[in-house]
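Engineer: Next one to model:
(one chain, ligands or ions: 2)
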Amino acid sequence: MSKPLPAATLKPNQSKKTSVTDTSGILLGDKVYWNPAKLRNGHAAILGTSGSGKTQTLKAIAHELPSLFPDIKIVVADFHGDLKLPNEVCYALNAESPYGLNPLVIDLDPKGGGPDLQAIAVSSILRKSLKMGENQQGLTLNAFISCYENRGIFQKDQSTWKNVPPNFADLEAELQSRLEGGCKNSEKLLVKLAATLKYGIFSKTQPSINFPLVRFDLSALSKVPGLSAIAAETLLKQLLDSHKLMGEIDGRVPRCYVILDEVKEVKSSNTLERITSEARKFGLGVIVASQMDSDISNTVLANSSTKMVLGVDQVEVTKVARRFRFAVNLIANLQPLEALIRMDNDGFHTKIKPFYQRV
Ligand SMILES: Nc1ncnc2c1ncn2[C@@H]1O[C@H](COP(=O)(O)OP(=O)(O)OP(=O)(O)O)[C@@H](O)[C@H]1O
Ligand SMILES: [Mg+2]
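Structural biologist: Ligands and ions are numbered 1, 2, ... in the order given. Coordinates of the predicted model:
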C-alpha cells in the first residue's frame, strides 16, 4: 500500500524566497511572482473548468515572459483560436491556408534521429490519432521509408538526412502507386487517411518558427478527428528534437516555451511527457492547461514544478485535491481567476491578474 501523502502546505502570500519577496519574476497576481528559472524545472500544468481563467492566465504568462527572459521564444499551439497575442506571428492551419506542418521533417541527431526513426515515430502518431490497427501502422511505416528513399534519404547515410524531406503528398502518391500495383491494403489505408490527406496541412510548406512569438491557430482542424493532435505532436517533436540538437543550456534561463491550451488533444502524447521529463536542460519549457484532471498525465503533472488549480467542477474537487495536494474546501470555493498555485514545495492562493488587464 502506498503511504499517505504529506500534508499539503499552503502559505497564502507569505514571505517566500522563491516568489513573494522575490519580485524578479512574472507577477501572477496579488504579490505572487513566478520565476521558472528559480524552480526545479520551468514546466507548468494548469487545471480549471470552463470560464475559470486558463486562457487569460496562459495569455498573461506568454505576454510577460519576454520581460523576464528577453531572448525567449514562444510557440503557441492554439486549439481554440483564442490565444491571440500582441506582436505574434500567426499561422492559421486550414484547408485554404498556404501553410502546413510536416511530420516527416527529420530529427538530425546522429544518435537518435534519421528517416527510419522518424517514420516509426510518425506512424505511431498516426496510429494513435487516427485509431489505426497494427497492420495499417506497419504499412504506413513501410510507405514512409519508401517516401524517404524516393527523395534519396537513407538511414545509413547521414549526409542524405539534410535532403528536402517528403511530406504527406509523397505518402499519398506512394500509396496510390502501390494500389495500382494491386495492393488492396493500400486502398484501405488511403480511405483511412482520406480526410487527413484532403485537408492537406501535412502536405504544404512548413513556415518558419524563427520569431519571438509564433502562434499556430489549429482551431479549424477540430472538424476532422485526429488532425489537431497530429499537428500539435509534430510541433512538439520538432521542438524537442531541435532543442536536444542545440545542446544543454549553461544557466537556467530557458530558450523556448511551448504553450498548449487544451492538453486533451495530446493527452497520450509520448513527446509531451518526454518534454516534461527531458527538455529542461535543453532550455525547452512547456505550459499546459486542461479542463479535466484526467487529461493531465501523471508524468506531466509530476514533472511540472508549477501546478495551478483554477476553479474546478464540483465532481472533480476531491480528485483534484488529492492530486494537486490542496485542501478540498479551498478548491471548492475558487472563483473565476482565483488560483491555488504550487511552485515546487510552496503553495499560494491568489487572484490572477488576467491578460485583459495587462494590455
Ligand atoms: N476581455 C474580458 N473582459 C472581462 N472579462 C473577461 C474577458 N475575457 C475573459 N473574461 C472572463 O475571464 C474569466 C476567465 O476566462 P477564460 O477565457 O480565461 O476561461 P477558460 O478557463 O479559458 O475557459 P474555457 O475552458 O471555456 O476556454 C471568465 O469569467 C471570462 O468571462
Ligand atoms: Mg480557454
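
Engineer: any idea how the chain splits into domains?
Structural biologist: With domains defined by automatic domain parsing, the chain comprises 26-89+212-357, 115-199.

Engineer: Give me the distance from the shortest one to the chain's centre.
Structural biologist: What it means is domain 115-199. The chain centroid and the centroid of domain 115-199 are separated by 24 Å, computed with C-alpha atoms, centre = their mean, to the nearest Å.

Engineer: Now for the residue in the stretch 151-300 of the chain that ligand 1 sits nearest to: which residues touch it?
Structural biologist: Across the stretch 151-300 of the chain, no residue is closer to ligand 1 than Gln291, which sits at 5.2 Å (C-beta to the nearest ligand atom). No exception for glycine: its C-beta is placed from N, CA and C like everyone else's. Going by C-beta atoms under 8 Å, 6 or more residues apart in numbering, Gln291 touches Leu47, Gly48, Thr49, Ser50, Lys54, Glu262, Lys264.

Engineer: can you tell me which of those are in helices?
Structural biologist: Members of the contacts of Gln291 lying in helices (criterion: DSSP state H): Lys54.

Engineer: filter the contacts of Gln291 to the buried ones?
Structural biologist: Neighbour counting with 16 or more other C-beta atoms under 10 Å marks Leu47, Gly48, Thr49, Lys54, Glu262, Lys264 as buried within those.

Engineer: count of neighbours near the closest residue to ligand 2 within the stretch 251-359 of the chain?
Structural biologist: Residue of the stretch 251-359 of the chain nearest ligand 2, by C-beta to the ion: Asp261 (5.8 Å). Neighbourhood size, Asp261 [other C-beta atoms under 10 Å]: 24.

Engineer: those strands in the protein, which residues are they?
Structural biologist: Along the chain, the segments classed as strands by DSSP state E run 26-29, 32-34, 44-47, 73-78, 89-92, 213-217, 256-260, 284-290, 306-309, 338-343, 346-351.

Engineer: what about the shortest one, average pLDDT?
Structural biologist: For strand 32-34, the mean pLDDT works out to 97.

Engineer: Also the third one?
Structural biologist: The average pLDDT for strand 44-47 rounds to 98.

Engineer: That one vs ligand 1: in contact?
Structural biologist: No: figure legend: strand 44-47 not in contact with ligand 1 (C-beta under 6 Å from any ligand atom); closest approach 8.7 Å.

Engineer: That strand pairs with which strands, parallel or anti?
Structural biologist: strand 284-290 (parallel), strand 306-309 (parallel) (DSSP bridges).

Engineer: Please tabulate those in a markdown table, including the columns mean pLDDT and distance to ligand 2.
Structural biologist: Below are those laid out as a markdown table (pLDDT from 0 to 100; distance: least, C-beta to the ion, whole Å):
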| stretch | mean pLDDT | distance to ligand 2 |
| --- | --- | --- |
| strand 284-290 | 97 | 7 |
| strand 306-309 | 98 | 14 |
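
Engineer: Adding mean neighbour count, write these out as TSV.
Structural biologist: Formatted as TSV, the strands paired with strand 44-47 follow (neighbours: other C-beta atoms under 10 Å):
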stretch	mean neighbour count
strand 284-290	26
strand 306-309	25
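
Engineer: Looking at the ones you listed, spot the one closest to Glu278.
Structural biologist: Counting by C-beta to C-beta, Glu278 lies closest to strand 284-290 out of the strands paired with strand 44-47; the figure is 8.9 Å.
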